[in-house]
Every structure is written in C-alpha cells, then in structure tokens.
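Asker: from the sequence below, what's the structure:
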Amino acid sequence: MRTQMLRSVQSASKSSKFAIRNYASTSNPERKVTVLGAAGGIGQPLSMLMKLNPLVSTLSLYDLAGTPGVAADCSHINTRAQVFGYAEDKELGKALEGSDVVIIPAGVPRKPGMTRDDLFNINAGIVKNLCTAVAKYCPNALVNMISNPVNSTVPIASEVFKKAGTYDPKRLFGVTTLDVVRAKTFYATKAGLPVEEVNVPVVGGHAGITILPLFSQAHPQANLSESDIEKLTKRTQDGGTEVVEAKAGKGSATLSMAYAGAIFADACLKGLNGVPDVVECSFVESNVTELPFFASKVRLGKNGVEEIYGLGTLSDYEQKGLEALKVELKASIEKGIEFARKNN
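Answerer: You can find the predicted model right below:
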C-alpha cells in the first residue's frame, strides 16, 4: 500500500513538473493575482501554490492581519512571481489595483456540527465588503469565489457588482473544483484506476445534496455497481464534513481546498492567455436549468466564460438527484440575493 501511494505521488509530481516546464517555456504575459484572505487556513497554502505558478508575475496577498509575514515567507520561493503583502482595510485598494484574477477564500471555516448554511451570516458580510472593493479597484478581474456558502456568496457578489454597474456574468465564478477533485479521487480509488487519468464532471452547487457528481460520464468508465455509485456520490457530497470530523474541531478542508482553488485559478490564467480548450466545472450564471446560477462544465477564455456546456445524458439516479437538489439550491441563491439587496 505504501509503495503504491509513493508511486502515485511520484507520478503526480512528474506530471506537475512537466506542466510547469511547458508553461514556463512559453512567453507569458504579466498577470497579477490577488488573494483576499491570504493569512487564513486556505489562504496560506493557496498563496504558496499561486507563487509556484509560472503564469503569475505579481502575487498580491491581503488579509486584515498577518499578511506581511505570509508575503515575506512566500517571497523567498525562487519562482517568477513578485509577492506583495497588504493588511487592514486601508490597503485593500492597493492590493486589488490592476488584478487580472481575484481569489476570495476569506471568511470563517466550518467547525464540527456546523453546516455551510451556518456560515452565512458571518461570511456574507465579508464577501459583500470585499466585492464592493473589487468593483471599485479592479472591475474587469476574474473573480474566483471560494468563501462559503458558495451557493449564496456568488449571488451576493453578483448583486454587489450590479449595484456598482460592473457586473459581467462571464467574470464571476464559484469555485466548485474541490467537488471535482474529490469525485475523481474517490472514483479512481474504488475503480482501481490511475487518478491522474480520471475525469468526473460535477454539477449543481457546492453544498450537500446540491453537489451532483456525474459518474455515468466519468472517463475512463469503470464497471461499478449502482450501490457503489450511490456511496461515491454520498461521500463526494459529504467530503467537507468528513474532513471537519477527522480534524476533531481543529479545522476544515484547507489543504485540499487550496489545491482545488489553485487548479481553477490556473485554468482562468490559461484562458486569459489564450490557451485553447480550457474546461472546468464552475458555479456561474447559467441557463442550463431554470435556476439563475448552476455549476456545470464551462470553457474559459480571454473574456472569462466563453461557453457553458449542457448536462448531457444523465442516468436515472442522476436525474433524480438533479430534481432533488434544485429546491435547496434555489433557496440558497435567493437567500444570497435577498441579503445583498437588503444590505445595499
């Protein structure tokens, strides 16, 4: 088992190094990425991963406190990006000016027994304030929303940008990549497949039953039973809770979320740089269903969202899951919109 794990890590490492060499060898434009909440549990590893990304030329780190230390630490890594740290409200504008991509992991983490909905009242206010600043200082940036509950914070951000007159639905993303990462990992493990070769689209939202992995569209396909698929679906939906409970009150999914956030930010940067056929799942304004926001596969480009893909053919189990999630997702979206309008 240990040998098998080591081989997997070595394989993933080789793949990552190849990717870095490949992109580093091309002529990359100047790109500024800003992390809001950079001193937090997600923010610190995410900042490090963005410092490792050769597509980033300027890395701007912001938080209310602790950012100078995180910035100094990251700045010692011998990669392309220049790192700047900003703290307190007065430096938020300076952190954001000229940003191409803004990643927002700011907010409080989940604790045992806490649902994503419990986070709403705290994180909603944080997101509103940060997005007000984004609208003022870098209205054309691609905004990657990580702050939970994403099903509500993305609608909040949209309302803030609408009021400011800067809303572009192509440039606002809810980062659901962790659901995809989990689905790939769990599916590959169960099927005995190399995880780096597996792809699984995940649609819907980013909380509980609103997370719907489409294992019928997994590639490559494995001959798993209906019972296995149901268990994998449930585990993907409960992945965050699994980590919260395993950490016994001392944290939530910070490392895997940072990894997922870095993957999606990298996709945004590739799209901005004109790399063709960059496709990721994301929670965006959508007409795939009757809901105003929905996560599905999107193609990224120089304008952000270039194309939103439909759901394809669903299994009977997935179709039932789709209908079940709509009620909860609709309520979460409306909750976010209502909060933003009341607090505007």
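Asker: all strands for the stretch 101-250 of the chain, in order.
Answerer: With DSSP state E, counting those that start in this stretch, the ranges of strands along the stretch 101-250 of the chain come out as 101-104, 142-145, 172-174, 202-204, 211-213.
Asker: what strands line up against the last one, and which way round?
Answerer: I take that to be strand 211-213. Under the criterion DSSP bridges, strand 211-213 sits next to strand 202-204 (antiparallel) in its sheet.
Asker: for the strand it pairs with, give me every contacting residue.
Answerer: 176, 179-180, 183, 210-214, 236, 281, 288, 294-296, 311, 321-322, 325, 329 (CB atoms under 8 Å, 6 or more residues apart in numbering). Yep, even glycine has a C-beta here, placed from its N, CA and C like the rest.
Asker: so which of these belong to helices?
Answerer: Using DSSP state H, the subset of those located in helices is 179-180, 183, 236, 321-322, 325, 329.
Asker: reformat the residues you listed as a markdown table; add neighbour count.
Answerer: Listed next are the ones in helices among the contacts of strand 202-204 as a markdown table, based on neighbours: other CB atoms under 10 Å:
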| residue | neighbour count |
| --- | --- |
| Asp179 | 30 |
| Val180 | 24 |
| Ala183 | 28 |
| Thr236 | 25 |
| Gly321 | 23 |
| Leu322 | 16 |
| Leu325 | 23 |
| Leu329 | 26 |
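Asker: closest one to Ala267 out of those residues, please.
Answerer: Using CB to CB, Val180 comes nearest to Ala267 of the ones in helices among the contacts of strand 202-204, at 11.2 Å.
Asker: right, and the closest one touches Pro201 too?
Answerer: Yes. Between Val180 and Pro201 there is a contact under CB atoms under 8 Å: 7.3 Å.
Asker: can you list residues touching both of the two?
Answerer: Contacts common to Val180 and Pro201, judged by CB under 8 Å, 6+ apart, are Cys281.
Asker: now Gln221. Its backbone dihedrals?
Answerer: Backbone torsions for Gln221, taken as degrees, to the nearest 10, come to phi -80, psi 140.
Asker: burial count for it?
Answerer: 11 (other CB atoms under 10 Å).
Asker: and Ala124, what is it in contact with?
Answerer: Neighbouring residues of Ala124 by CB under 8 Å, 6+ apart: 152-153, 156, 336, 339.
Asker: to clarify, my last question referred to Thr177.
Answerer: 260-261, 263-264, 280-282.
Asker: which one of the residues you listed sits in the busiest neighbourhood?
Answerer: Counting by other CB under 10 Å, top hit in the contacts of Thr177: Ser282 with 30 neighbours.
Asker: quick one: contacts for the spatially most central residue of the chain?
Answerer: Nearest to the mean C-alpha position of the chain, counting by CA atoms, centre = their mean, stands Val175 at 2.5 Å. For Val175, the contacting residues are 103, 144-146, 150, 206, 260-261, 264, 282-283, by CB under 8 Å, 6+ apart.
Asker: ok so, going back, want to throw the contacts of Ala124 into TSV with pLDDT, neighbour count and distance to Phe120?
Answerer: Below are the contacts of Ala124 laid out as TSV (pLDDT from 0 to 100; neighbours: other CB atoms under 10 Å; distance: CB to CB, whole Å):
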residue	pLDDT	neighbour count	distance to Phe120
Ser152	96	32	6
Thr153	96	32	9
Ile156	98	29	10
Gly336	97	26	8
Phe339	95	21	8
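Asker: closest to Ser75 among these?
Answerer: When the contacts of Ala124 are compared against Ser75 (criterion: CB to CB), the nearest one is Thr153, at 29.6 Å.
Asker: how about stretch 207-227: buried residues?
Answerer: For stretch 207-227, a neighbour-count test (16 or more other CB atoms under 10 Å) marks 207-218 as buried.
Asker: need those residues in JSON lines with distance to Ile126 and pLDDT, can you?
Answerer: Listed next are the buried residues of stretch 207-227 as JSON lines, based on distance: CB to CB, whole Å; pLDDT from 0 to 100:
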{"residue": "Ala207", "distance to Ile126": "18", "pLDDT": "95"}
{"residue": "Gly208", "distance to Ile126": "22", "pLDDT": "95"}
{"residue": "Ile209", "distance to Ile126": "26", "pLDDT": "98"}
{"residue": "Thr210", "distance to Ile126": "22", "pLDDT": "98"}
{"residue": "Ile211", "distance to Ile126": "23", "pLDDT": "98"}
{"residue": "Leu212", "distance to Ile126": "28", "pLDDT": "98"}
{"residue": "Pro213", "distance to Ile126": "29", "pLDDT": "98"}
{"residue": "Leu214", "distance to Ile126": "32", "pLDDT": "98"}
{"residue": "Phe215", "distance to Ile126": "35", "pLDDT": "98"}
{"residue": "Ser216", "distance to Ile126": "38", "pLDDT": "98"}
{"residue": "Gln217", "distance to Ile126": "35", "pLDDT": "98"}
{"residue": "Ala218", "distance to Ile126": "36", "pLDDT": "98"}
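Asker: including distance to Lys247, could those residues go into JSON lines?
Answerer: Compiled in JSON lines, the buried residues of stretch 207-227 are given as follows (distance: CB to CB, whole Å):
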{"residue": "Ala207", "distance to Lys247": "19"}
{"residue": "Gly208", "distance to Lys247": "19"}
{"residue": "Ile209", "distance to Lys247": "23"}
{"residue": "Thr210", "distance to Lys247": "23"}
{"residue": "Ile211", "distance to Lys247": "20"}
{"residue": "Leu212", "distance to Lys247": "26"}
{"residue": "Pro213", "distance to Lys247": "23"}
{"residue": "Leu214", "distance to Lys247": "29"}
{"residue": "Phe215", "distance to Lys247": "27"}
{"residue": "Ser216", "distance to Lys247": "32"}
{"residue": "Gln217", "distance to Lys247": "32"}
{"residue": "Ala218", "distance to Lys247": "29"}
